[in-house]
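>>> what's the 3D shape of this:
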Amino acid sequence: METLGLLSGIGHLPVEVAVGARMIGYNVVAIGVVPGIDEDLAKNVDAYYDIHIGKLGKIINTLKKHKITTVTMIGKVTKEILYSEGAIIPDFRAIKLLSSLPNRKDDTIMNAIVRELEKEGIYTLDQTILIKPLLPEVQVFTKRQPTAEEAEDIKFGFDVAREIGRLDIGQTVVVKDKAVMAVEAIEGTDACIKRGGLLGKRAIVAKTAKPAQDIRFDMPSVGLETIKSMVEAGAAGIAMEAGRTLFVEREKAIALANEHNLFIVAQK
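This is a model prediction of the structure:
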């Protein structure tokens, strides 16, 4: 059986990928590249390692030790780890890669990592190929539907989210009354939602893919933690781009949204 390498960030999505891969016959070797990996991941793979993303050489050597030629990158890895005090010191290979970059935009960094893996004969799989059912079609998931005014905010939010995606800044915005409360940047989706909630209660969260989304990495996702952040922020609901956003832990997320009278919709 072929062995798939799974480079994992945080969240439950890597667990779903591991389960899906093993169901169709892959052996799975997972590497948690940031702190806070879902504890269930190690239980659902054939081998598991914790190796920080800054230790790029060790990650590659581990993949080669298992004769892995195909990897998938899945889960949340925010760039704040590059700037936080006390962040891990990168190894020589990672320092060399970072110093060669013209900027530190998400796509710039991720494409450089993909190229570094390819130098070793390790190729990156489409993120969604093992989890297509997690890409919802147009629908309302919750008991509550958006009002006419909220529908206008969703349209406005999608326009703004696609523009920040085009600029490779983020994929999420928080809006209210056609005003932008918060834009996702380096801090990630949950922090963006909470920050937006401080400025506009009952605001709308809009999440889209980038216009030039690379499906090998950084696909937008919504899950239970997203809804928890919305509850904390006092948001009214979330709209995700249908067919281009992964909806994880769907039943739990919908139940929590219904409990707090929030809406969750997927639309174009």
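>>> quick one, strands of the protein?
For the chain, the strands defined by DSSP state E cover 3-8, 27-32, 47-50, 70-74, 123-124, 139-140, 172-176, 179-183, 204-207, 221-222, 237-241, 246-247, 263-267.
>>> strand partners of the first one, parallel vs antiparallel please.
Taking DSSP bridges as the criterion, strand 3-8 pairs within the sheet with strand 27-32 (parallel), strand 70-74 (parallel).
>>> do the third one as well
Counting by DSSP bridges, the strands paired with strand 47-50 are strand 27-32 (parallel).
>>> which parts of the strand it pairs with are buried?
The neighbour-count check on strand 27-32 (16 or more other C-beta atoms under 10 Å) flags 28-32 as buried. C-betas here are computed from N, CA, C, even on glycine.
>>> and it, C-alpha only, in CSV?
Extracted in CSV, the C-alpha atoms of strand 27-32 (Å, rounded to 0.1, in the frame of the first residue of the first chain):
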residue,chain,number,x,y,z
ASN,A,27,-1.0,3.9,5.1
VAL,A,28,-0.7,7.4,6.8
VAL,A,29,2.3,8.9,8.4
ALA,A,30,1.3,12.2,10.1
ILE,A,31,3.6,15.0,11.3
GLY,A,32,2.1,17.7,13.6
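>>> ok now do the spatially closest residue to residue 157 that is not a sequence neighbour, which residues does it touch?
Spatially, and ignoring its direct neighbours in sequence, residue 157 is nearest to residue 206 (2.8 Å; C-beta to C-beta, 6 or more residues apart in numbering). By C-beta atoms under 8 Å, 6 or more residues apart in numbering, residue 206 lies in contact with 153-154, 157-158, 160-161, 172-175, 238-239.
>>> 6 Å instead, please
By C-beta atoms under 6 Å, 6 or more residues apart in numbering, the contact list for residue 206 reads 157-158, 161, 173, 239.
>>> residue 246 bridge partners, please.
Going by DSSP bridges, residue 246 forms beta bridges with residue 221.
>>> distance-wise, check it relative to residue 213.
Distance, residue 246 to residue 213, using C-beta to C-beta, to the nearest Å: 12 Å.
>>> what about these two, which has more around it?
Neighbour count, other C-beta atoms under 10 Å: between residue 246 and residue 213, residue 246 has more, with 24 against 18.
>>> give the contact list for the more buried one.
Neighbours of residue 246 in contact, by C-beta under 6 Å, 6+ apart: 134, 219, 221.
>>> count of neighbours near the last one?
It stands for residue 221. Residue 221 has 24 nearby residues by other C-beta under 10 Å.
>>> gap between it and residue 128?
10 Å.
>>> about what we covered before: per-residue pLDDT, the residue nearest to residue 157?
Residue 206 is assigned a pLDDT of 98 by the prediction.
>>> who's it bridged to?
Beta-bridge partners, per DSSP bridges, of residue 206: residue 173, residue 239.
>>> between the contacts of residue 206, which is nearest residue 109?
residue 161 (20.6 Å; C-beta to C-beta).
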